[in-house]
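Enquirer: Below: sequence and its predicted model.
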2 protein chains.
Amino acid sequence: MSTAAHARNPDQTRQILLQAALEEIHLRGFQAASLSNILAKTGLTKGALYHHFPDKLALGYAVVEELIQEDTLGKWVRPLADFNNPIDGLLHILNDIGGRLDTQDVCLGCPLNNLAQEMSPIDEGFRQRLDHVYRLWRLGISQALAKGQHAGKVRADINPEATATFIMAALEGCMGIAKNARDVKLLHTCGWGLMQYLETLRAAK
Amino acid sequence: MSTAAHARNPDQTRQILLQAALEEIHLRGFQAASLSNILAKTGLTKGALYHHFPDKLALGYAVVEELIQEDTLGKWVRPLADFNNPIDGLLHILNDIGGRLDTQDVCLGCPLNNLAQEMSPIDEGFRQRLDHVYRLWRLGISQALAKGQHAGKVRADINPEATATFIMAALEGCMGIAKNARDVKLLHTCGWGLMQYLETLRAAK
DNA sequence: GAGCACATACATACTGGTTGGTATGTTAGA
DNA sequence: TCTAACATACCAACCAGTATGTATGTGCTC
């Protein structure tokens, strides 16, 4: 019987480190993220960190691959596949996420976009991993749009890939603008513009 | 007669420092921007830098207020005022800038957006200065749209301010996506989506 | 199934390098 | 002659990373 004074659970420890790293990176960015801050938040030490990750870069990569990618798939790609009208689907997800975001979320912005803007010119490894997430996201929207075209819900004269790219970009842009303004209302204003655009994609009856 | 061995020109020295700081910040971000790198690029020393600026933060603020703001006004706000159809104006500027951007520009992204994403959660002074630039930009587009409405060029049922916000956001989003993809073609794909949106704003004949 | 062997899972203490910032020079020009 | 405009030398703080120590669980032996 273990008294659990120092019970060991390496998988959980790893998750705790990843989560704390995500929070620190989300706030300060990767370069300015301090390992000491991350460890202070977890109560762990450098021994634990460097046992689970070879260096800071690997920790950052793991945050992208295991947390940010999963979050993107879970919030956007998988839910969207459940709708047979992708425009309704996108509007629903948009409203759902937009309604749940509080001021703090808006102020910190999208972790994917934050990291992309910071790290893509500096580190190719980050760039590729982030690009992979963007590709999955874009592909999810693109396939949904194509399916919607076959179902006669989406205009046949638009290119699903290009349109998906623009939707994704516009969304990140809206989040970014609202983030700097520190204004949830501005996010909704911006989101209204995006929804207006989405409506133009519906097939004529 | 000055042999110009060490000719002094404080205003020019200040500009040189600002420009070098902009380049370094554009590449690495503000926090990771190294004063040593900036000085090495200029051939100046810390004495010069700290004579013209009290600290690193003030240097960063000056870059926003004097370089980035001017650039935004010069590239977007002032040119747009010359068109009597804002939609044609926006399309023209978009094509003009999009055509001139090379791969390096795309990879580094928009300095305004870069700084906003990095610094707005961390430093209120940065946030306010960047917000001011965004406001000027948004106001420029908004006023042009309103003018276009009165001239019967722009649909009367859209809100100029909200639409201007979305245009600005979508644009920054497109730049951001292309930046991470390191792909000029993706920027044009994305830009095509934005242009498609702009076309929907035209008043019916 | 008791005890030993060993790898895993951490904690602690320390280091070299870089950073922003400062204190103190030195030189140019008015 | 005095001040603005720089240059030089230095410093404390912080950083990622490492070397080493220690405790925990686990498998293997007899």
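Expert: Yep, it's here. Numbering: from 1, shown residues only, chains lettered A, B, ... in the order given.
Enquirer: What lies in contact with stretch A:119-127?
Expert: The contact list for stretch A:119-127 (CB atoms under 8 Å, 6 or more residues apart in numbering or on different chains) reads A:30-31, A:57, A:60-61, A:64, A:115-116, A:130, B:27-28, B:32, B:107-109, B:179-180, B:182. C-beta here means a position set from N, CA and C on the backbone, and glycine is covered the same way.
Enquirer: As PDB, could you dump the C-alpha coordinates of it?
Expert: In PDB, the C-alpha atoms belonging to stretch A:119-127 read as follows (Å, rounded to 0.1, in the frame of the first residue of the first chain):
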ATOM      1  CA  MET A 119       7.800  31.100 -34.100                       C
ATOM      2  CA  SER A 120       7.300  30.500 -37.800                       C
ATOM      3  CA  PRO A 121      10.000  32.900 -39.000                       C
ATOM      4  CA  ILE A 122      12.400  31.700 -36.300                       C
ATOM      5  CA  ASP A 123      12.100  27.900 -36.000                       C
ATOM      6  CA  GLU A 124      11.300  25.600 -38.900                       C
ATOM      7  CA  GLY A 125      10.300  22.700 -36.600                       C
ATOM      8  CA  PHE A 126       7.600  24.800 -35.000                       C
ATOM      9  CA  ARG A 127       6.500  26.100 -38.400                       C
END
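Enquirer: hang on, the earlier thing: run through the contacts of stretch A:119-127 and flag the ones next to DNA strand D.
Expert: A:Leu57 (CB under 7 Å from any atom of the strand).
Enquirer: And the residue of chain A found nearest DNA strand C, how far from chain B?
Expert: Minimum separation of chain A from DNA strand C (CB to the nearest atom of the strand) falls at A:Gly47, amounting to 1.5 Å. Per CB to the nearest CB, to the nearest Å, A:Gly47 is found 27 Å from chain B.
Enquirer: What average pLDDT does the longest helix seen in chain A get?
Expert: Ranked by number of residues, the top helix in chain A under DSSP state H is helix A:124-150. Model confidence over helix A:124-150, given as mean pLDDT, is 98.
Enquirer: cool, and stretch A:95-105?
Expert: The average pLDDT within stretch A:95-105 is 95.
Enquirer: Contacts for it next, please.
Expert: Applying CB under 8 Å, 6+ apart, the set of residues contacting stretch A:95-105 from outside is A:75, A:182, A:184, A:187-188, A:191.
Enquirer: And the furthest pair within those?
Expert: A:Lys75 and A:Arg182 (22.4 Å; CB to CB).
Enquirer: quick one, what contacts A:Ala170?
Expert: If a contact means CB under 8 Å, 6+ apart, then A:Ala170 has A:193-194, A:197, B:166, B:169-170, B:173-174, B:193-194 as its contacts.
Enquirer: let's see it at 6 Å
Expert: Each residue near A:Ala170 by CB atoms under 6 Å, 6 or more residues apart in numbering or on different chains is listed here: A:194, B:170, B:173.
Enquirer: thinking again about what came up before, and the contacts of stretch A:119-127, which of them are buried?
Expert: A:30-31, A:60-61, A:64, A:115-116, A:130, B:27-28, B:32, B:107-109, B:179-180, B:182 (16 or more other CB atoms under 10 Å in any protein chain shown).
Enquirer: show me the contacts for A:Cys190.
Expert: Going by CB under 6 Å, 6+ apart, A:Cys190 touches A:174, A:177, B:165-166, B:169.
Enquirer: For ChimeraX, write the select line for the buried members of the contacts of stretch A:95-105.
Expert: Entered in ChimeraX, the line below selects the buried ones among the contacts of stretch A:95-105, by 16+ other CB under 10 Å:
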select /A:182,184,187,188,191
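Enquirer: follow-up on the earlier one: any idea which element the residue of chain A closest to DNA strand C lies in?
Expert: Secondary structure from DSSP states H and E places A:Gly47 in helix A:46-52.
Enquirer: Check which helices and strands that helix is in contact with.
Expert: Judged by 3 or more CB pairs under 6 Å, 6 or more residues apart in numbering or on different chains; DSSP states H and E, helix A:46-52 is in contact with no other helix or strand.
Enquirer: Average pLDDT for that helix, rounded please.
Expert: 97.
Enquirer: Can you report how many residues lie near A:Thr45?
Expert: The local packing of A:Thr45 (other CB atoms under 10 Å in any protein chain shown) involves 11 other residues.
Enquirer: for A:Thr200, same thing?
Expert: Quick note: A:Thr200 (other CB under 10 Å) scores 13 neighbours.
Enquirer: That one touches B:Glu199, doesn't it?
Expert: No - using CB atoms under 6 Å, A:Thr200 is not in contact with B:Glu199; the gap is 9.4 Å.
Enquirer: among the contacts of A:Cys190, which are in helices?
Expert: A:174, A:177, B:165-166, B:169.
Enquirer: Using CSV, lay out those residues together with neighbour count, distance to DNA strand D and pLDDT.
Expert: Formatted as CSV, these follow (neighbours: other CB atoms under 10 Å in any protein chain shown; distance: CB to the nearest atom of the strand, whole Å; pLDDT from 0 to 100):
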residue, neighbour count, distance to DNA strand D, pLDDT
A:Cys174, 29, 31, 98
A:Ile177, 28, 29, 98
B:Thr165, 27, 36, 98
B:Phe166, 29, 37, 98
B:Ala169, 30, 32, 98
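Enquirer: I figured A:Leu186 hits A:Ala178, correct?
Expert: Yes - judged on CB under 6 Å, A:Leu186 makes contact with A:Ala178 at a distance of 4.8 Å.
Enquirer: quick one: which of those two has more around it?
Expert: The residue with more neighbours, out of A:Leu186 and A:Ala178, is A:Ala178; 26 against 21, by other CB under 10 Å.
Enquirer: Need the nearest residue in space to the more buried one, chain neighbours excluded.
Expert: Closest residue to A:Ala178 apart from its sequence neighbours, by CB to CB, 6 or more residues apart in numbering or on different chains: A:Leu187 at 3.5 Å.
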